[in-house]
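Asks: Provided below are the primary sequence and the corresponding predicted coordinates.
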2 protein chains.
Amino acid sequence: MAEKEISQAVIGRLPRYFRFLGELKDEGVERISSQELSGIMNVTASQIRQDFNNFGGFGQQGYGYNVEYLYQEIGRILGLDKTHHLIIVGAGNLGQALANYMNFERRGFIFTGVFDNNPALYGRKIRGIEVRPMEEVADFVEQNNVDIAVLTIPKNSAEEVAERLVSVGIKAIWNFAHVDLKVPKEVQVENVHLSDSLMKLSYMLERYEKESRETNE
Amino acid sequence: MAEKEISQAVIGRLPRYFRFLGELKDEGVERISSQELSGIMNVTASQIRQDFNNFGGFGQQGYGYNVEYLYQEIGRILGLDKTHHLIIVGAGNLGQALANYMNFERRGFIFTGVFDNNPALYGRKIRGIEVRPMEEVADFVEQNNVDIAVLTIPKNSAEEVAERLVSVGIKAIWNFAHVDLKVPKEVQVENVHLSDSLMKLSYMLERYEKESRETNE
């Protein structure tokens, strides 16, 4: 099944489908129509069908989709049938918070190591895993089959550290540093720019208040 | 200036413009053309002009935009000329990490209080601010002019807590709980679904590896 040229918008919606289908499955729902899914997810039924058609449609019939099948298939498309080993680079507050976020392991993302360049942190343990110096990252990545690095360091060193991670074989970077990384195109990057997200909320608040003022004038 | 019906995509790009303009400003750049900005930001110049036209265009002339003016204007549109008081609800690892993320204060987001329903945490201090019981949230929000709540609690209690926050006057929720909240339309919600983000990265990795295999076959 060709999965090329699927838009970022569709890809961005896949985890949400996966989440809702997982909840339906846990509730014991066996089949669901695009109309019913539409009602739950607050997306139009035609949007759902269009999105699913990117992946062959998942065989909806008169009586809807098989929830378990759809959940498994979307999970497979998301690569969740594989195990990924990840390291956290930056053992500060955010790195520690992510390390402690157990939920990821359920999905096959195994937290394998944590690195920092602050000697005061070396040997300190986060969820039983000790903080190591960056000098050890090359050997560690190779020996532990690590494919994903979580980057939780300040922006000024992010570019340099990302380059180093790529050079030791990291294939994907989950980037929390507030900078757009320049990496070779074969390296996947997903950004979580928290400040951008908070500013978007601030924008919505500002716009709502402005509209309210204008309505009341 | 009317700011209605601006697409989510445009809104999502505003903080990124703001970030790049801030960097240019710090580097002492005074004017920049949409072509130059395009080169730095990896967005087409026509996209930039289209985005800016939603807000009146910011007066580009032959020799480009005034960086300082554009930075200030986009900041104003994002509501960053105002001060917001925020509370963190959920004093776990992620809540603590966000509380310690100083950068937000620079943008006018003042971390004012932190709440939890775990008595073992009451009185413990995070950046000098003590964890309070949820019972105190109504008075606290009123007395401290709090408009934003950061929700860093598990999904099963998120809906109930969000309702409570709305009832005490919270106008915007920065939601890290892995659930889509149902709140009245006058309450603004920005979601940071970390698991969804990691799954998206996993998808990109999976697709790249699949395409590589197919190319090599």
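Replies: Looks like it arrived, so ask away.
Asks: list the buried ones in the worst-scoring helix or strand of chain A on mean pLDDT?
Replies: Across the helices and strands of chain A, mean pLDDT, DSSP states H and E gives its lowest value to helix A:103-106, namely a mean of 82. Using 16 or more other CB atoms under 10 Å in any protein chain shown as the test for burial, helix A:103-106 gives A:Phe104. Every residue, glycine included, has its C-beta placed from N, CA and C.
Asks: thought A:Asp81 was touching A:Glu73?
Replies: No - the pair A:Asp81 / A:Glu73 is not scored as a contact, 10.0 Å apart, by CB atoms under 8 Å.
Asks: residues making contact with the least confident helix or strand of chain A?
Replies: A:111, B:178, B:195, B:198 (CB atoms under 8 Å, 6 or more residues apart in numbering or on different chains).
Asks: quick one: which of A:Asp81 and A:Glu73 has more around it?
Replies: A:Glu73 (20 against 11; other CB atoms under 10 Å in any protein chain shown).
Asks: show me what the one helix or strand that one maps to is packed against.
Replies: Assigned by DSSP states H and E, A:Glu73 belongs to helix A:67-77. Secondary-structure packing of helix A:67-77 (3 or more CB pairs under 8 Å, 6 or more residues apart in numbering or on different chains; DSSP states H and E): helix A:8-26.
Asks: need the next SSE after the helix it packs on, C-terminal direction.
Replies: strand A:31-32.
Asks: what sits up against that next one?
Replies: By CB under 8 Å, 6+ apart, the residues outside strand A:31-32 that reach it are A:24, A:63-67.
Asks: tell me the strands beside it, with direction?
Replies: strand A:65-66 (antiparallel) (DSSP bridges).
Asks: what count of nearby residues applies to A:Gln8?
Replies: Neighbours of A:Gln8 under the rule other CB under 10 Å: 9.
Asks: again, but for the one 10 residues further on
Replies: The number of residues packed near A:Phe18 is 23, by other CB under 10 Å.
Asks: measure it to chain B for me?
Replies: Taking CB to the nearest CB, to the nearest Å as the criterion, A:Phe18 is separated from chain B by 7 Å.
Asks: list the contacts of that residue.
Replies: A:71, A:74-75, A:78, A:80, B:199.
Asks: for the longest helix belonging to chain A, packing partners?
Replies: In chain A, assigned by DSSP state H, the helix with the most residues is helix A:194-216. Applying 3+ CB pairs under 8 Å, 6+ apart, one finds that helix A:194-216 makes contact with helix B:8-26, helix B:103-106, strand B:172-175, strand B:188-191.
Asks: the lengthiest strand in chain A pairs with which strands?
Replies: Longest strand of chain A, by residue count under DSSP state E: strand A:109-116. Partner strands for strand A:109-116, per DSSP bridges, with pairing direction: strand A:84-89 (parallel), strand A:129-133 (parallel).
Asks: turn the contacts of A:Phe18 into JSON lines, including pLDDT and distance to A:Phe140.
Replies: As requested, the contacts of A:Phe18 are exported to JSON lines (pLDDT from 0 to 100; distance: CB to CB, whole Å):
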{"residue": "A:Tyr71", "pLDDT": "95", "distance to A:Phe140": "34"}
{"residue": "A:Ile74", "pLDDT": "95", "distance to A:Phe140": "32"}
{"residue": "A:Gly75", "pLDDT": "95", "distance to A:Phe140": "28"}
{"residue": "A:Leu78", "pLDDT": "94", "distance to A:Phe140": "26"}
{"residue": "A:Leu80", "pLDDT": "94", "distance to A:Phe140": "24"}
{"residue": "B:Met199", "pLDDT": "95", "distance to A:Phe140": "25"}
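Asks: any chance of those in JSON lines, plus neighbour count and distance to A:Leu151?
Replies: Listed next are the contacts of A:Phe18 as JSON lines, based on neighbours: other CB atoms under 10 Å in any protein chain shown; distance: CB to CB, whole Å:
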{"residue": "A:Tyr71", "neighbour count": "21", "distance to A:Leu151": "30"}
{"residue": "A:Ile74", "neighbour count": "23", "distance to A:Leu151": "27"}
{"residue": "A:Gly75", "neighbour count": "20", "distance to A:Leu151": "25"}
{"residue": "A:Leu78", "neighbour count": "27", "distance to A:Leu151": "21"}
{"residue": "A:Leu80", "neighbour count": "22", "distance to A:Leu151": "22"}
{"residue": "B:Met199", "neighbour count": "27", "distance to A:Leu151": "18"}
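Asks: and these, which two are furthest apart?
Replies: Farthest pair in those (CB to CB) is A:Tyr71 and B:Met199. Separation: 12.9 Å.
Asks: any idea how chain A splits into domains?
Replies: Chain A is divided into the following domains under automatic domain parsing: A:8-77, A:84-196.
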